[in-house]
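Chemist: Turn this into a model:
(one chain, ligands or ions: 2)
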Amino acid sequence: MTRRVRKTVIAMILGMALCVAGGVPMRAQAAEGGGLLIATRQENVTQITDMAGLRAMEQDPTGSYQLAADIDASGETWFPFSFHGTLDGNGYSILNLSIQDAGEAIRETYDGNMKVYDTYFAALFDELSGGSVNSLNLVNLRIDVTTDQPCFVGGIAGYMENATIENCSVQGILQLHAHDRMFGVGGIIGYGCGEIRDCSADVTLVCVDTDASTKDEQFMGGVCAAGYPDMHGCKIKIAGFDSDHGYVHDGGLVGMYMFYPKGTKYKGSITDNYVSGKITFFEDNKNRRAYCNGFIGEIMNWDFENGRNKNDFTRDEVFKYDVDLMPHACENPVMREDVTDAGCEFGYTTYVCETCGYTETDHYTLKEHDYAWTVEKEATLEEEGLRSGVCVGCGAMTQEVIPKLTPEPTEEPAPAEENLEAKQANETGTDEQGAGDPETIEYEEGAFITNPVIVLLISVGFVAGACLILWIIRKGSKKEEERE
Ligand SMILES: [Zn+2]
Ligand SMILES: [Zn+2]
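Modeler: Ligands and ions are numbered 1, 2, ... in the order given. Just a heads-up that it's a prediction; the model follows:
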């Protein structure tokens, strides 16, 4: 490392320390696909660019939030909390969100006989009420909850009420293993009401009744397991696996459609939805009902607008009750991995069973665009700059803040530095010496010999000395002349 580089590094460290000490905010704007990104609050909308930002919503659950980057949640576990604010996903995605437990919220749910259950929920939010979520994508959502409580699993909300979910998508595998009377799995929400508009789901839903001794109420739906949400323009692709020793209610959109609590009057609306896929289920029950349909499993209330819904749905009932139904039921699985690298799309790994052909994707990775950058505004000592990037592959655009320039420390004049480097090289045989006290001392010596006042004094001394010597010599020769 040369002296100049060392000085620059020291200056940068000092500059950063000053920034921190002086409270200068270090900000960076969102870049699609990652980078150093710190959440900032603008006009009462908090921008979220990382997992810490997502988690911080719990501290202010009525706030307004906007995603400003895709977020990879892999390697972390998400604990659901209740949300009542607005979350604008801004078209960004949360990858690999992993949930193993229901949140703390307990809400009442109702079975087809209006029996009430205190119920837990697992989803991005255990409860979404009085708020909205829009333009958010959950990519490779992985929920696998085992519980002894009444429980519903959903993609975005476990329980929803007086809220809207719009333009969102959920893709992943959602599993629930439960046995306490009332439980179910939905692609976008678990249980509830409100409005779900222009959303899509591409989900594998697994619901397993882990106890054959009680006749539970069990629900599954591509949008919602049970409740009465208004649903418009949703595209659902479902692979359902429902193993039940009680009563199943399975639907491409909703497992059981019912207004609640008792006496609720409502005019529902279910229009322009499309369902494709299959639900495989068993209902181990002598008093068999086996509700499973392309749109709604069981309809308890008919007072809803119903128009332009289409489906390509398969009802697949099996009558073998001793083996739980799973997406990959293979006695001799031999898995092959194919990695698809990220580029203008997310990367992921495809797992293919060579025995049965079962395929699933997992371990998604953030996009890696190839940006061509244009500096919009140069950074100065006083102000941050800004640069814009356009991906040469897909045209995706981004902007990044260029940090303020860091002031360089005052440089010593070059000749002294060269002298010092030469001296140091002579002494050590190399200039690859580590930074430390010796260098600091040499630096001080260099400063000494280049001090102009001292140089002037030395020069005056030289001239005066020369004059004195000349005067002595001339005086000496004069005396010799006189003697002669
Ligand atoms: Zn791109
Ligand atoms: Zn297999």
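
Chemist: Give me the number of neighbouring residues for residue 224.
Modeler: Residue 224 has 33 neighbouring residues, counting by other C-beta atoms under 10 Å. Every C-beta, even on glycine, is put in place using the N, C-alpha and C of the backbone.

Chemist: That should have said residue 303, apologies.
Modeler: Residues near residue 303, counting by other C-beta under 10 Å, number 10.

Chemist: For ligand 2, see how far away the closest residue to residue 335 other than its chain neighbours is.
Modeler: Nearest residue to residue 335, sequence neighbours excluded (C-beta to C-beta, 6 or more residues apart in numbering): residue 351, at 5.2 Å. As judged by C-beta to the ion, to the nearest Å, residue 351 and ligand 2 stand 10 Å apart.

Chemist: helix/strand/coil for residue 351?
Modeler: Assigned with DSSP: H, G, I helix; E, B strand; the rest coil, residue 351 falls in the strand class.

Chemist: bridging residues for it?
Modeler: Here residue 351 sits in beta bridges with residue 337, residue 360, going by DSSP bridges.

Chemist: Would you confirm that it contacts residue 357?
Modeler: No - contact criterion C-beta atoms under 8 Å: residue 351 and residue 357 do not qualify, at 11.6 Å.

Chemist: Those two: which is more packed in?
Modeler: In terms of neighbours (other C-beta under 10 Å), residue 351 is the more surrounded of residue 351 and residue 357; the figures are 17 against 8.

Chemist: how about the more buried one, what does it touch?
Modeler: Residues counted as contacts of residue 351 (C-beta atoms under 8 Å, 6 or more residues apart in numbering) are 335-337, 359-362.

Chemist: Go again with 10 Å.
Modeler: Residues in contact with residue 351, defined by C-beta atoms under 10 Å, 6 or more residues apart in numbering, are 328, 333, 335-338, 358-363.

Chemist: Widest-spaced pair of those?
Modeler: For the contacts of residue 351, the maximum inter-member distance is 17.8 Å, found between 333 and 363 (C-beta to C-beta).

Chemist: what's the domain layout of this protein?
Modeler: 1-25, 27-327, 371-402, 417-483 (automatic domain parsing).

Chemist: Which residue does the chain have closest to ligand 2?
Modeler: Ligand 2 sits closest to residue 330 of the chain, with a gap of 2.7 Å, by C-beta to the ion.

Chemist: Which residue is the nearest non-sequential neighbour of the most centrally placed residue in the chain?
Modeler: Centroid-nearest residue in the chain: residue 71, 2.0 Å away (criterion: C-alpha atoms, centre = their mean). Nearest residue to residue 71, sequence neighbours excluded (C-beta to C-beta, 6+ apart): residue 94, at 5.0 Å.

Chemist: What about that neighbour, how many residues nearby?
Modeler: If you count neighbours by other C-beta under 10 Å, residue 94 ends up with 22.

Chemist: same thing with residue 237?
Modeler: 18.

Chemist: swap in residue 230?
Modeler: A count of nearby residues for residue 230, using other C-beta under 10 Å, gives 18.

Chemist: Quick check: it vs ligand 1, distance?
Modeler: 36 Å.

Chemist: likewise residue 219?
Modeler: Distance, residue 219 to ligand 1, using C-beta to the ion: 41 Å.

Chemist: Then residue 54?
Modeler: Between residue 54 and ligand 1 the computed distance is 24 Å (C-beta to the ion).

Chemist: Settle this for me: that residue is touching residue 92, isn't it.
Modeler: No - with contact defined as C-beta atoms under 10 Å, residue 54 does not reach residue 92; the gap is 11.2 Å.

Chemist: May I have the residues that are in contact with residue 392?
Modeler: Residue 392 touches 344, 369-372, counting by C-beta under 10 Å, 6+ apart.

Chemist: is it true that residue 305 touches residue 266?
Modeler: No - using C-beta under 10 Å, residue 305 is not in contact with residue 266; the gap is 11.4 Å.

Chemist: Common neighbours of the two, please.
Modeler: residue 230.

Chemist: which residues sit in contact with the closest residue to the residue of the chain closest to ligand 2 other than its chain neighbours?
Modeler: In this structure, residue 330 finds its nearest non-sequential neighbour in residue 356, 4.4 Å apart by C-beta to C-beta, 6+ apart. The neighbours of residue 356, taking C-beta under 10 Å, 6+ apart as the test, are 328-334.

Chemist: Of the contacts of residue 392, grab the buried ones for ChimeraX.
Modeler: In ChimeraX syntax, the buried subset of those is picked out as below (16 or more other C-beta atoms under 10 Å):
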select :369,371
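
Chemist: Just confirm residue 205 is within a helix.
Modeler: No - under three-state DSSP, residue 205 sits outside any helix and is assigned strand.

Chemist: Now do stretch 95-111: distance to the chain's middle.
Modeler: Distance of stretch 95-111 from its chain centroid, counting by C-alpha atoms, centre = their mean, to the nearest Å, is 20 Å.

Chemist: again with stretch 89-101
Modeler: 7 Å.

Chemist: List the buried residues in that stretch.
Modeler: 89-90, 92-99, 101.

Chemist: restrict those residues to contacts with ligand 1.
Modeler: Among the buried residues of stretch 89-101, no residue sits close to ligand 1 (C-beta under 5 Å from the ion).

Chemist: Restricted to strands, list the residues you listed.
Modeler: Counting by DSSP state E, the part of those found in strands is 93-95, 98-99.

Chemist: Farthest pair within those?
Modeler: Farthest pair in these, by C-beta to C-beta: 93 and 99, 16.3 Å.

Chemist: Check what pLDDT the nearest residue to residue 393 once chain neighbours are set aside gets.
Modeler: Sequence neighbours aside, residue 344 is the residue nearest to residue 393 in space, at 4.7 Å (criterion: C-beta to C-beta, 6+ apart). According to the prediction, residue 344 has pLDDT 97.

Chemist: Can you name the residues of the stretch 351-484 of the chain sitting close to ligand 1?
Modeler: By C-beta under 5 Å from the ion, the part of the stretch 351-484 of the chain that sits against ligand 1 consists of 369, 391, 393-394, 396.

Chemist: at 8 Å instead, please
Modeler: Contact residues (C-beta under 8 Å from the ion) of the stretch 351-484 of the chain with ligand 1: 367, 369-370, 391-396.

Chemist: Could you export those as CSV, including secondary structure, pLDDT and distance to residue 180?
Modeler: What follows is those, written out as CSV (DSSP: H, G, I helix; E, B strand; the rest coil; pLDDT from 0 to 100; distance: C-beta to C-beta, whole Å):
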residue, secondary structure, pLDDT, distance to residue 180
367, coil, 97, 42
369, coil, 96, 47
370, coil, 96, 52
391, strand, 97, 50
392, coil, 97, 55
393, coil, 96, 51
394, coil, 96, 48
395, coil, 96, 51
396, coil, 93, 47
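
Chemist: Mind putting those into TSV with distance to residue 250?
Modeler: TSV is the format used below for those (distance: C-beta to C-beta, whole Å):
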residue	distance to residue 250
367	35
369	41
370	45
391	42
392	47
393	42
394	39
395	42
396	39
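
Chemist: so who does residue 362 touch?
Modeler: Contact analysis of residue 362 by C-beta under 10 Å, 6+ apart lists 74, 96, 140, 142, 172-173, 337, 348-351.

Chemist: how much space between it and residue 122?
Modeler: According to C-beta to C-beta, to the nearest Å, residue 362 and residue 122 sit 19 Å apart.

Chemist: Check residue 401 too.
Modeler: Relative to residue 122, residue 401 is positioned 37 Å away (criterion: C-beta to C-beta).
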